[in-house]
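Peer 1: sequence? don't have it. structure:
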């Protein structure tokens, strides 16, 4: 394979000036629970709202607000926000960010939206237009209960889940991107834009298998484009392949001569203690990769424990109607290379 | 009002290297009918497919292909495609562009997606990364029958429509952006990114009223940012405000001292002969502004008839579920300034 399309080395690395995350009750009880900036003290996952859909919007609102407050930024300091979620017509983001007086780009990349937003935000801040502050925000979220009733059934039905099923994360992540002289901040140095990959998977209960070929395509192209190998990184992290998809990715990479084993994990395997629980193959959703990056990875980069991370958010580009109509589930995977420079 | 946020003068104008459009049978019978590159000879609006959803995807596929062929470009010549539509999870674009081996950014800006894609595509091609060809594509579509059954009722129900209702356009537009020495091509010189505006409209049958305040916000900010006035342009064109929303925009602009009257029209009023037909307040949908720009405006710029156009695609950031849950319908409007330099 000699195709390196989609690879971009940014003309100037984008600093991740700030990040914040939200998590619901299952996420708070998981391994990263202490790291969330926004949680729901009632344990209801409603975040003070009347509907699951509004609860998701509220997580976006609170999480972006928290990220801005950490660095003392107001609406006027931010040139644009790139945001998305899984709800029909992306209303989680539309309503969640309505209170912010910030120019708005809505995105839909399924569960890859966190990386799509980081890529576009990082490109955007390199513009350095004279009218700009040079700061952009990236936000993504999902809510388990909103996703269940939209994509599957209302949770009250108690439908049985397959072992390859994943658990949509109730969570959000927000990131503020810009340029800053502080060499201590993690930077987005280069990225690889994913392309859609369809290998014929059509099982709505096995999204990991549907998305793994896209992760393979993206990661191999990235190694090809950069001449690097797994051992050059501290961590290679997919967004929500879960147990099933992660195993497929590792096996296929190995068959192509890349042993990613010890360097590799998946956000969906980090956010819950999945063994023996009803999380089955692990977490998923736009909020999975976004909240794990903000709550679990960037703090370890700030502390110096991790210096060189490949963040690869994966998405399944389907709708319930498209699968009912007999179509396959294509996957996509966008890669963001995050480095700590010292 | 002294707020000029969202305004960007591009460091180098992006040339619109090529454009193509698709239209269904109602669109083909309208005033722009002769201008579409892709039509369905059967008059069924199925474009050879079995479902309305697949028909929309097929329009995207055929339209991007047509735009690429006009300038002899293949997949490998295009760095990235920015695309969106109105279907849940944007499957119109996901499946429609699957055959293209081009890195993919999915967007959701409701009916503003055509302008959102043109803005992000124009910014993207200014990157001039060494790995790049420097060419991007922007695609948007809608299909009346796919939209009716998703947002309202299956058309077989024969539900009565309100006078303020609009008719979702069956159509698509594709644009190829890059840089070229040919001074004869229209260029995107500057843009204004919209922000969400919510003035409390919650009538699903009056999207024009929901979106007009966003168009007002964007156009006044643009005049403020550039120090220009309506008389400086050959054409000011909104995406799909229809008869109702257009009248609101004109009235409010007039109250603020800007008489846009003779310079102003709306894509939703151009695509059909609406008087006495069932198109009511005019056309709407992602495909409305995209197909009118490609089939009706850019050819008049190429011929020199129009030299200076403000293209403002408007979107209503709601879902059926969000309106059923009692929420308002916020609007957004992204502006693209297109000039012919000689």
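Peer 2: Perfect, thanks for sending it. Remember, predicted model here, so these are calculated numbers, not experimental data.
Peer 1: roughly how far apart are the residue lying closest to residue A:323 once chain neighbours are set aside and residue B:14?
Peer 2: The shortest distance from residue A:323 to any non-neighbouring residue, by CB to CB, 6 or more residues apart in numbering or on different chains, is to residue A:204 (5.4 Å). Just so you know, the C-beta spots here come from the backbone N, C-alpha and C atoms, and that holds for glycine as well. For residue A:204, the distance to residue B:14 (CB to CB, to the nearest Å) stands at 39 Å.
Peer 1: again with residue A:40
Peer 2: 44 Å.
Peer 1: who's more crowded, those two?
Peer 2: The residue with more neighbours, out of residue A:40 and residue B:14, is residue B:14; 30 against 21, by other CB atoms under 10 Å in any protein chain shown.
Peer 1: give me phi/psi at the more buried one?
Peer 2: phi -90, psi 130 (degrees, to the nearest 10).
Peer 1: contacting residues for the spatially closest residue to it that is not a sequence neighbour?
Peer 2: Closest residue to residue B:14 apart from its sequence neighbours, by CB to CB, 6+ apart: residue B:122 at 3.7 Å. Residue B:122 sits next to B:10, B:14, B:177, B:188, B:191, B:336 when contact means CB atoms under 8 Å, 6 or more residues apart in numbering or on different chains.
Peer 1: residue B:122 is in what secondary structure piece?
Peer 2: If you go by DSSP states H and E, residue B:122 is part of helix B:113-125.
Peer 1: do the helix or strand hosting residue A:53 and chain B meet at all?
Peer 2: Assigned by DSSP H and E, residue A:53 belongs to helix A:52-70. Yes. Using CB under 8 Å from any CB of the partner chain, helix A:52-70 reaches chain B at A:53-54.
Peer 1: I'd like to know which elements that helix is packed against.
Peer 2: Other helices and strands packing on helix A:52-70, by 3 or more CB pairs under 8 Å, 6 or more residues apart in numbering or on different chains; DSSP states H and E, are strand A:7-23, helix A:91-96, strand A:136-142, helix A:144-151, strand A:171-178.
Peer 1: can you tell me what sits against the second one?
Peer 2: The one in question is helix A:91-96. A:53-54, A:56-61, A:64, A:83-86, A:106, A:139, A:141-143, A:146, B:196, B:317-319, B:321-322, B:327, B:330.
Peer 1: ok now that helix, how far from the chain's centre?
Peer 2: Relative to its chain's centre, helix A:91-96 lies at 17 Å (CA atoms, centre = their mean, to the nearest Å).
Peer 1: same thing with the fourth one?
Peer 2: Shown here is helix A:144-151, whose average C-alpha point lies 18 Å from the average C-alpha point of the whole chain (CA atoms, centre = their mean).
Peer 1: now that helix against helix A:52-70, angle please.
Peer 2: Angle of helix A:144-151 versus helix A:52-70, following axes from the mean of the first three to the mean of the last three CA atoms, to 10 degrees, is 130 degrees.
Peer 1: contact partners of helix A:144-151?
Peer 2: A:24, A:26, A:45, A:51-53, A:55-56, A:86-88, A:92, A:154-155, A:167-170, A:204, A:285, A:320, B:321.
Peer 1: mean confidence score for it?
Peer 2: The average pLDDT within helix A:144-151 is 93.
Peer 1: following the chain past it, name the next helix or strand.
Peer 2: Beyond helix A:144-151 toward the C-terminal end (DSSP H and E), the next one is strand A:167-168.
Peer 1: cool, and the first one?
Peer 2: Counting by DSSP H and E, the element after strand A:7-23 in chain order, helix or strand, is helix A:25-28.
Peer 1: mean confidence score for that next one?
Peer 2: 96.
Peer 1: centre of the chain versus that helix, how much separation?
Peer 2: How far helix A:25-28 lies from its chain's middle: 17 Å, per CA atoms, centre = their mean.
Peer 1: what do you get for stretch A:78-94?
Peer 2: On the basis of CA atoms, centre = their mean, stretch A:78-94 sits 13 Å off its chain's mean C-alpha point.
Peer 1: buried sites along that stretch?
Peer 2: Within stretch A:78-94, the residues scored as buried using 16 or more other CB atoms under 10 Å in any protein chain shown are A:78-94.
Peer 1: try stretch A:326-340
Peer 2: A:327-340.
Peer 1: same check on stretch A:99-118?
Peer 2: A:100, A:102-118.
Peer 1: cool, stretch A:211-226 as well?
Peer 2: Residues A:211-223, A:225-226 are the ones in stretch A:211-226 that count as buried (16+ other CB under 10 Å).
Peer 1: and if you look at stretch A:261-271?
Peer 2: Those would be A:263-271, for stretch A:261-271 by 16+ other CB under 10 Å.
Peer 1: next step: the residues you listed restricted to strands.
Peer 2: Mapping the buried residues of stretch A:261-271 onto strands (DSSP state E) picks out A:264-266.
Peer 1: and which of those residues is nearest to residue A:302?
Peer 2: Nearest to residue A:302 among these, counting by CB to CB, is residue A:265 at 19.2 Å.
Peer 1: report the contact partners of the closest residue to the closest one other than its chain neighbours.
Peer 2: Nearest residue to residue A:265 in three dimensions, chain neighbours excluded: residue A:237, at 6.1 Å (CB to CB, 6+ apart). The neighbourhood of residue A:237, defined by CB under 8 Å, 6+ apart, consists of A:264-267, A:292-293, A:297, A:309-312.
Peer 1: give the partner strands of the helix or strand hosting residue A:237 in its sheet and their orientations.
Peer 2: Here residue A:237 sits within strand A:235-238, counting by DSSP H and E. Using DSSP bridges, strand A:235-238 pairs in its sheet with strand A:264-266 (parallel), strand A:308-316 (parallel).
Peer 1: how about the contacts made by residue A:267?
Peer 2: So residue A:267 contacts A:237-240, A:283, A:288-289, A:292-293, A:296 (CB under 8 Å, 6+ apart).
Peer 1: got a pLDDT number for it?
Peer 2: Looking at residue A:267, the pLDDT reads 98.
Peer 1: excluding sequence neighbours, find me the nearest residue to it.
Peer 2: residue A:292 (3.8 Å).
Peer 1: where does the stretch 201-342 of chain A dip in pLDDT?
Peer 2: Low-confidence segments of the stretch 201-342 of chain A, defined by pLDDT under 70: A:342.
Peer 1: could you rerun that using 50?
Peer 2: Within the stretch 201-342 of chain A, no stretch has pLDDT under 50.
Peer 1: which residues of it lie near chain B?
Peer 2: A:225, A:317-322, A:325, A:327, A:330, A:332.
Peer 1: helix, strand or coil: sort out the residue nearest the centre of chain A for me.
Peer 2: By CA atoms, centre = their mean, the mean C-alpha position of chain A lies nearest to residue A:289, the distance being 3.2 Å. At residue A:289, secondary structure determined by DSSP: H, G, I helix; E, B strand; the rest coil is helix.
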